[in-house]
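Participant: generate coordinates for the sequence data below:
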Amino acid sequence: MSLIERIESEDGDQQIEPGKRLIRADDTGVRLAERIVYGLQRLAWRMPFATVRLKSRAPLKLLAVPKDPVAGDKAIGEALLQGRMVYGSESVAVEGLDFDDPGLSSAFADHLHSFAWLRDLAAAATREKGARLAERITRHWLDTYSLRPDEDAWRPDRWGRRILFWTSYAPYILSSRDMVYRATLLNTLARGARHLENFADKVPPGLPRISAWAGVIASAVVVQGGPARLSYGQAGLYRSLSAALHDDGGLISRSPVEQLQLVELLGQLRTVYYSGRREIPERLADLLSSTVAALLAATLGDEALSSWQGGNMMSRRRVAAAVEASGVQSRPLRQARGWGYQRLTAKNNVIVFDGAPPPARRAGAGSCASTLAFEFSDGANRIVVNCGGADPWAGTLSPQLGQLLRYTAAHSTLTLGDRNSTAILPGGALGRGVSQVEVLRDEGADGNSVEGSHDGYVRRLGLRHERKLILSADGSELKGQDNLWSANKRRRRGEPVPFAARFHLAPGIEVAITADGQGALLRIRGGNAWQFRCHEGTLAIEDSLWLDGAGVPQSSSQLVITGECPPAGMTLGWQFRRAG
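Facilitator: Coordinates of the predicted model:
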């Protein structure tokens, strides 16, 4: 059997059952009006007056130089000094650098055009050592785009981040005694700020729009514009955050990697206010606090991210740096509604459970069918994981593998009939499937539990999936139960439906089936041994893979319980117990 089975996508209607519903999917796509706006914006760049409308009085100097609160990667900065710009598993030579290189992934192009690489350069070099290289690359960008507003280079979200990085690392790019170069840079910066005022609301919602409005605020505080532009920018930022966030502070994309990027962005914006001797508005401070709590909810015992919605663990250092940059002291959000990641803890053990439908189609193209999957760690050792994804370096994966990693089978949950709980269509969009999820939590002296159920298989197979996890108070035992029950009277006399409950294991775990075939022993390098038992079905060990914090696939194993579910339903019990 292959690592992740190629599951035939099916787009079926969902039967909405009566009763209490905690979370429902918002399955609306990009509205027609928005598509028209984006199309007109692209057309506007081809008009002769595109450069005229950007004219603005150039500042003589910056009003302040914000300190970037997020540290860069020293190793990547050293590679840059040696002539290679690195992003994930991609790299290009600095000599002859082409900003429009079609071979670059979209994420690498964002990194390059936003000047986020200045953060890594500063981590590896002093101003005296790094300024010459930074100015050379900046000159190249200015020579190419300052007088030719390009659709990609002048994209508002890139300009928003560019203003944050140009101003924070001004000592690296504005140390030159060449007055023409300095004037060109400052003039372009002023024009970019003017551009953002006109176009910040015309980019897709989510992180792109938030980034654009953050640039408007930074330009008001650090470049020029004053209170009028600042008030305008704050109003736009609040609108973009309201559209992008659930009430609990999690992004509607439900991507922990994007949540990390959001916290980093808002942390940068916080230092912009302080550099201009302004207090961060209370409303923004509250939003920042809620985004941090949601981010921490998606971390495991090693303090790195759990792997959801096409993302990977990133790194503990980066998560810690983002939280520190926020200035927020917040506990992880344990019970999330829209964000959806339920968190159970006991001693040093952590479970992150997906208790929500996949993100709406308009929230992102890489959404995954992961409802009711979980990840589990014992201290700093990951035990049960999802396969994950390469985000933010998704362009480094083959399209075929990227598609497979979005399947239900790539997550530690149960599949029915070799199908995804939510259909993934050939073009990559999500089809019909999970539209509602019920979640219940219970916390007591004997342990904590979470229970969820979804309707993803109801119309197609007549069965509803319910999963309950119980973590003992001392963290030594995790009991699980998967209930499949008939939710469609017309199908109760149908044929049995094959099921597969998958538990993807972290790389480095040695696993062996016990003699009776109903259990397995897990040996963790440098950690505790664990025993796994199941009470129904056939247990087997299969190959798997896991994408690490750099988005690189690593070989691993998975425990798979297979069998057939009768039309009336069944219960599948299993448990993990610490050995010794």
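Participant: in the sheet, which residues pair with Phe376? Tell me.
Facilitator: Assessed by DSSP bridges, Phe376 has beta-bridge partners Ile351, Val384.
Participant: touching, it and Arg578? I think so.
Facilitator: No. Judged on C-beta atoms under 8 Å, Phe376 makes no contact with Arg578 at a distance of 11.7 Å. For the C-beta atoms, the positions are set from N, CA and C on the backbone; glycine is no exception.
Participant: which one of these two has more residues nearby?
Facilitator: Ranked by neighbour count (other C-beta atoms under 10 Å), Phe376 and Arg578 place Phe376 first, with 27 against 18.
Participant: roughly how far does that one sit from Thr138?
Facilitator: Separation of Phe376 from Thr138 (C-beta to C-beta, to the nearest Å): 46 Å.
Participant: which stretches of the stretch 251-400 of the chain form strands?
Facilitator: For the stretch 251-400 of the chain, applying DSSP state E, counting those that start in this stretch gives strands covering 341-346, 349-354, 374-378, 381-385.
Participant: can you tell which of these is closest to Ala515?
Facilitator: With C-beta to C-beta as the measure, strand 381-385 is the member of the strands of the stretch 251-400 of the chain nearest Ala515 (22.4 Å).
Participant: run through who's touching stretch 260-271.
Facilitator: Stretch 260-271 has contacts (C-beta atoms under 8 Å, 6 or more residues apart in numbering) with 66-70, 161, 164, 168, 207, 210-211, 214, 217-218, 251, 280, 284, 287-288, 291-292, 295, 305, 314, 318-319, 322-323, 325-327, 392.
Participant: got a PyMOL select line for the buried ones in those residues?
Facilitator: If you want just the buried ones from the contacts of stretch 260-271 in PyMOL, going by 16 or more other C-beta atoms under 10 Å, the selection is:
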select buried, resi 66+68+69+70+161+164+168+207+210+211+214+217+218+251+280+284+287+288+291+292+295+305+314+318+319+322+323+325+326+327+392
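Participant: okay, angle between the lengthiest strand in the chain and strand 381-385 too, please.
Facilitator: For the chain, the longest strand by residue count, based on DSSP state E, is strand 553-565. Counting by axes from the mean of the first three to the mean of the last three C-alpha atoms, to 10 degrees, strand 553-565 lies at 50 degrees to strand 381-385.
Participant: got the domain boundaries for this protein?
Facilitator: Structurally, the chain divides into domains by automatic domain parsing as follows: 63-326, 341-578.
Participant: got JSON lines for the ones you listed, with mean pLDDT and distance to Pro332 too?
Facilitator: Listed next are those as JSON lines, based on pLDDT from 0 to 100; distance: least, C-beta to C-beta, whole Å:
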{"stretch": "domain 63-326", "mean pLDDT": "95", "distance to Pro332": "4"}
{"stretch": "domain 341-578", "mean pLDDT": "93", "distance to Pro332": "6"}
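Participant: nearest to Leu333, of those?
Facilitator: Smallest distance to Leu333 across the domains of the chain (C-beta to C-beta): 4.1 Å, for domain 63-326.
Participant: got the angle between the helix or strand hosting Phe532 and strand 553-565?
Facilitator: Using DSSP states H and E, Phe532 sits within strand 530-534. Angle, strand 530-534 to strand 553-565, by the same axes, to 10 degrees: 30 degrees.
Participant: what helices or strands is whatever helix or strand comes next after strand 530-534 leaning on?
Facilitator: Next along the chain after strand 530-534, taking DSSP H and E as the criterion, comes strand 538-547. Contacts defined by 3 or more C-beta pairs under 8 Å, 6 or more residues apart in numbering; DSSP states H and E place strand 538-547 against strand 497-505, strand 509-513, strand 519-524, strand 553-565.
Participant: and if we set it to 6 Å?
Facilitator: Here strand 538-547 touches strand 553-565, going by 3 or more C-beta pairs under 6 Å, 6 or more residues apart in numbering; DSSP states H and E.
Participant: now tell me what touches the strand it packs on from outside.
Facilitator: Strand 553-565 is contacted from outside by 484, 496-505, 507, 511, 520, 534, 537-542, 544-548, using C-beta atoms under 6 Å, 6 or more residues apart in numbering.
Participant: if any of the residues you listed are buried, give me the ChimeraX selection for them.
Facilitator: Entered in ChimeraX, the line below selects the buried ones among these, by 16+ other C-beta under 10 Å:
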select :484,497,499,500,501,502,503,504,505,507,511,520,534,537,539,542,544,545,546,547,548
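Participant: buried set for the strand holding Phe532?
Facilitator: Trp530, Gln531, Phe532, Arg533, Cys534.
Participant: what do you get for stretch 510-526?
Facilitator: Of the residues in stretch 510-526, Val511, Gln518, Gly519, Ala520, Leu522, Ile524 count as buried by neighbour count, 16+ other C-beta under 10 Å.
Participant: now render these as CSV, adding distance to Thr188.
Facilitator: Formatted as CSV, the buried residues of stretch 510-526 follow (distance: C-beta to C-beta, whole Å):
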residue, distance to Thr188
Val511, 57
Gln518, 68
Gly519, 65
Ala520, 61
Leu522, 57
Ile524, 53
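Participant: farthest pair within the residues you listed?
Facilitator: Spanning the widest gap among those are Gln518 and Ile524, at 21.0 Å by C-beta to C-beta.
Participant: could you single out the nearest of the buried residues of strand 530-534 to Gln436?
Facilitator: Out of the buried residues of strand 530-534, the member with the shortest distance to Gln436 (by C-beta to C-beta) is Cys534, at 28.2 Å.
Participant: identify the residue nearest that closest one in space, chain neighbours excluded?
Facilitator: Trp574 (4.3 Å; C-beta to C-beta, 6 or more residues apart in numbering).
Participant: show me what the one you found is bridged to.
Facilitator: As for beta bridges, Trp574 partners with Gly480, Cys534 under DSSP bridges.
Participant: taking the contacts of stretch 260-271 one by one, which sit in helices?
Facilitator: The helices, defined by DSSP state H, take in 161, 164, 168, 207, 210-211, 214, 217-218, 284, 287-288, 291-292, 295, 318-319, 322-323, 325-326 from the contacts of stretch 260-271.
Participant: list the contacts of Ala298.
Facilitator: Neighbour list for Ala298: Pro256, Leu305, Ser306, Tyr341 [criterion: C-beta under 6 Å, 6+ apart].
Participant: I am finished for the moment; much appreciated.
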